[in-house]
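Visitor: Here's a sequence, model it:
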Amino acid sequence: MNEWQQRVITEHAELKVRIEKLTAFLESTASSALSVMEQHRLIAQLTYMKGYEAILNERIGAFM
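Guide: Residues are numbered from 1 along each chain as shown. Reported below is the predicted structural model:
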């Protein structure tokens, strides 16, 4: 495996953890302390993170 491929796999693993943490936060009662606008921004961020994860999945699938 090339070095850049390993970096993509590492980046994907790290992103998965961040997605899980943000999802858990948004599903917790702690997120209700945020303003509605901030909650919407975090939901948008999560959406983009999941899109990025999907692209990394495609890239990994192409070289595995």
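Visitor: Which parts of this structure are helices?
Guide: For the chain, the helices defined by DSSP state H occupy 3-27, 36-63.
Visitor: Next up, the contacts around residue 63.
Guide: 1-2, 5, 8 (CB atoms under 8 Å, 6 or more residues apart in numbering). C-beta here means a position set from N, CA and C on the backbone, and glycine is covered the same way.
Visitor: Please report how far it lies from residue 36.
Guide: Using CB to CB, to the nearest Å, residue 63 is found at 42 Å from residue 36.
Visitor: sorry, back to before: out of the contacts of residue 63, who's the most crowded?
Guide: Among the contacts of residue 63, residue 8 has the most neighbours (other CB atoms under 10 Å), with 16 neighbours.
Visitor: and it, how far is that from residue 56?
Guide: Counting by CB to CB, the separation of residue 8 from residue 56 is 6 Å.
Visitor: cool, and residue 19?
Guide: Taking CB to CB, one finds residue 19 at 11 Å from residue 56.
Visitor: go on, residue 36?
Guide: 31 Å.
Visitor: So for the two, which sits in the more crowded spot?
Guide: residue 56 (17 against 8).
Visitor: Need the nearest residue in space to that one, chain neighbours excluded.
Guide: Counting by CB to CB, 6 or more residues apart in numbering, residue 12 is the residue found nearest to residue 56 once chain neighbours are left out, at 4.3 Å.
Visitor: so what's residue 26 up against?
Guide: With CB under 8 Å, 6+ apart, residue 26 has these contacts: 39, 42-43, 46.
Visitor: Using TSV, please lay out those together with pLDDT.
Guide: Below are the contacts of residue 26 laid out as TSV (pLDDT from 0 to 100):
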residue	pLDDT
39	98
42	98
43	98
46	98
